[in-house]
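1. My questions concern the predicted model and sequence given below.
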Amino acid sequence: MARSLLSYVMVAVGVSMAASPVASQPALQVVQIETTPNGFTSPPRGWNSFGIQANPETTSSFSFNQTGVISQCDVLATTTTLKDAGYVYCSLDSGWSVGGNGDEYGRIIYDTSVFDIPSLADHLHGEGLLLGIYVVPGAFIADEEKTILGTDVTIGSVCSGDNGLARCNFDYSQPAVQQWHNSVVNQFASWGVDLIKLDYVTPGSPSNGANLPPDSSGEVTAYHQAIAQSGREIRLDISWKLDRSQEYFDIWESNADSMRTDQDINNGGQSTFVSWETVQRAIDNYRQYITTVMQYNTTLTTYPDMDNLFVGNPASISGVTDDERQTIMTHWIGAGANLIIGSDLTNLDDFGLNLLTNTNAMAAADFTARHPIQPRNPGTGNNSSQQLQAWIAGPDASGTAMVVITNYGPDQGQGGFGTSLAGTQTVNVSWDDLGISGTFNVRDIWANEDRGAESSGFSVQLDDGQSVLYELTS
């Protein structure tokens with residue numbers, strides 16, 4: 001693999017240097033992420049079942065049931081480097097619960113033909129892991145005559161219509177709606193649930209194939225409040241490609257610990273997990289997300305969810321080259337995004353395992369959990385979509401920052417940049433472009449090698465899909 005494969009630049013600059021604006025380029029506004037609504041200071045790391053469920057040819061031995069999930073998640077517990085890197089969440093996607101009705105109070109219940117959720121939670125907790133589950137908005141239409149636990153209110157009196165998911169739409173102005181959510185989350189807490197993924201949230205969830213109401217943001221608030229009263233530490237991840245207007249972003253970041261910035265990125269029903277075309281789209285959607293929300297406030301309280309990481313398996317199964325696998329990992333780390341693996345954990349190759357657990361890269365991820373990357377175009381310092389791109393995270397109060405430099409290759413249709421430069425390109429990125437100044441000793445993070453001192457910027461040779469990773473210290 002090319003030496004200049006991945007470029008993160010961690011920059012140790014004095015605060016006075018970082019604060020000095022560069023006259024010829026846009027001033028750098030540092031973005032930071034603080035404690036999330038449910039009390040978390042880093043995005044989750046772990047595994048989610050959806051990629052394999054949606055792409056069964058990638059993992060022919062897998063069945064979506066308790067045995068199949070344990071066979072995957074036990075790898076998190078028994079692979080020391082994964083566990084030490086913090087990959088502890090074992091998250092079930094759609095299909096773990098009964099699909100048409102709840103219990104006698106209309107609460108969500110697990111499908112006993114495939115899962116025993118309390119025993120699964122006990123198993124995972126015994127191994128030092130955590131359990132995630134999947135829900136969608138609304139109560140079941142079939143449960144409209146049932147009474148909400150602790151009330152004399154029927155579900156049908158506060159929930160009506162059909163959202164296309166066998167569920168009705170709540171009237172969030174009714175107090176009993178919150179009581180329903182409290183009862184559901186309290187039962188989840190009693191089972192040992194540690195993460196809730198709330199899907200099909202609107203405004204957002206485009207091309208959903210359902211009949212969603214235009215605004216189900218009240219569901220996000222209701223789940224957050226239910227978690228708060230439950231007495232259990234539970235993350236809330238909301239999905240997908242959510243509205244980024246300030247009106248709704250204020251709701252998302254006041255209630256959810258992470259939010260999806262794009263649609264699903266997996267190759268549904270194919271023999272590989274992901275395509276580079278879709279990855280280009282996901283990266284550009286993150287660019288749109290961060291450049292939009294930092295206009296509202298440069299101090300954020302939610303993490304971006306760029307969808308699952310499909311980098312752990314060989315290129316023939318992942319669907320992207322090794323160069324592209326590493327660039328994917330770079331961007332998910334750089335964004336401070338959820339690091340939720342979608343790959344087959346029983347078939348990790350050495351390269352994929354290193355991508356997921358490299359100690360230098362994990363230290364970079366700890367940094368970007370506080371300071372996510374933002375784009376700085378080579379040559380201008382602007383933030384538009386570019387095939388040859390640079391990104392910077394920080395500097396933080398100590399003067400440390402991180403930079404990513406990439407060549408995405410020709411736009412395959414969804415990259416947003418529209419250029420088709422093929423083959424190796426020279427990417428020139430100046431300190432002015434990044435909004436910093438100073439002389440730094442350069443260290444290649446992935447290669448773990450010193451590269452000497454730099455005082456003005458970088459000139460790197462990158463082939464299609466490549467990027468490079470450096471640490472800079474003054």
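-> Perfect, I can see it now.
2. quick one: the helices in the stretch 101-250 of the chain?
-> Secondary structure of the stretch 101-250 of the chain (DSSP state H, counting those that start in this stretch): helices at 117-126, 175-191, 217-230, 246-255.
3. Next: the stretch 351-474 of the chain.
-> So, for the stretch 351-474 of the chain - with DSSP H, counting those that start in this stretch - the helices run 359-368, 431-434.
4. between the helices of the stretch 101-250 of the chain, which gets nearest to Leu355?
-> helix 117-126 (23.9 Å; Cβ to Cβ). The way it works is simple: take the backbone N, C-alpha and C, and place the C-beta from them, glycine included.
5. quick revisit: okay, the helices of the stretch 101-250 of the chain in a markdown table with distance to Thr368 and mean pLDDT next?
-> Listed next are the helices of the stretch 101-250 of the chain as a markdown table, based on distance: least, Cβ to Cβ, whole Å; pLDDT from 0 to 100:
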| stretch | distance to Thr368 | mean pLDDT |
| --- | --- | --- |
| helix 117-126 | 27 | 98 |
| helix 175-191 | 30 | 98 |
| helix 217-230 | 24 | 98 |
| helix 246-255 | 17 | 98 |
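6. can you redo these as JSON lines with mean neighbour count?
-> Putting the helices of the stretch 101-250 of the chain into JSON lines (neighbours: other Cβ atoms under 10 Å) gives the following:
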{"stretch": "helix 117-126", "mean neighbour count": "17"}
{"stretch": "helix 175-191", "mean neighbour count": "20"}
{"stretch": "helix 217-230", "mean neighbour count": "21"}
{"stretch": "helix 246-255", "mean neighbour count": "18"}
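7. Please name whichever of those helices is nearest to Gly457.
-> helix 246-255 (33.2 Å).
8. circling back to that earlier point, out of the helices of the stretch 351-474 of the chain, deepest packed?
-> Counting by mean count of other Cβ atoms under 10 Å, helix 431-434 has the highest mean neighbour count of these, with a mean of 22.
9. Three-state assignment for the residue lying closest to Asn347 once chain neighbours are set aside, please.
-> In space, and not counting its chain neighbours, Asn347 is closest to Asn313: 5.4 Å by Cβ to Cβ, 6 or more residues apart in numbering. Following DSSP: H, G, I helix; E, B strand; the rest coil, we place Asn313 in the coil state.
10. re earlier: can the helices of the stretch 351-474 of the chain go into JSON lines with extra columns for mean pLDDT and distance to Val403?
-> Listed next are the helices of the stretch 351-474 of the chain as JSON lines, based on pLDDT from 0 to 100; distance: least, Cβ to Cβ, whole Å:
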{"stretch": "helix 359-368", "mean pLDDT": "94", "distance to Val403": "11"}
{"stretch": "helix 431-434", "mean pLDDT": "94", "distance to Val403": "6"}
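11. tell me, how many neighbours does the closest residue to Leu355 other than its chain neighbours end up with?
-> Using Cβ to Cβ, 6+ apart and skipping the chain neighbours, the partner closest in space to Leu355 is Met329 (4.5 Å). Counted with other Cβ atoms under 10 Å, the neighbours of Met329 add up to 24.
12. what's the answer for Asp74, then?
-> Asp74: 17 neighbours (other Cβ under 10 Å).
13. Provide a list of residues in contact with the closest residue to it other than its chain neighbours.
-> Once flanking residues are discounted, Asp74 sits nearest to Glu127: 7.1 Å by Cβ to Cβ, 6+ apart. By Cβ atoms under 8 Å, 6 or more residues apart in numbering, the residues touching Glu127 are Cys73, Asp74, Leu76, Ala77.
14. pLDDT at the residue nearest to Asn347, what is it?
-> With respect to pLDDT, Asn313 has a value of 98.
15. What of Thr346?
-> pLDDT recorded at Thr346 is 98.
16. next one: Met10
-> pLDDT, Met10: 37.
17. cool, and Asp396?
-> 86.
18. ok, now Gln72?
-> 98.
19. I'd guess it is in a helix, am I close?
-> Yes. Per three-state DSSP, Gln72 lies within a helix segment.
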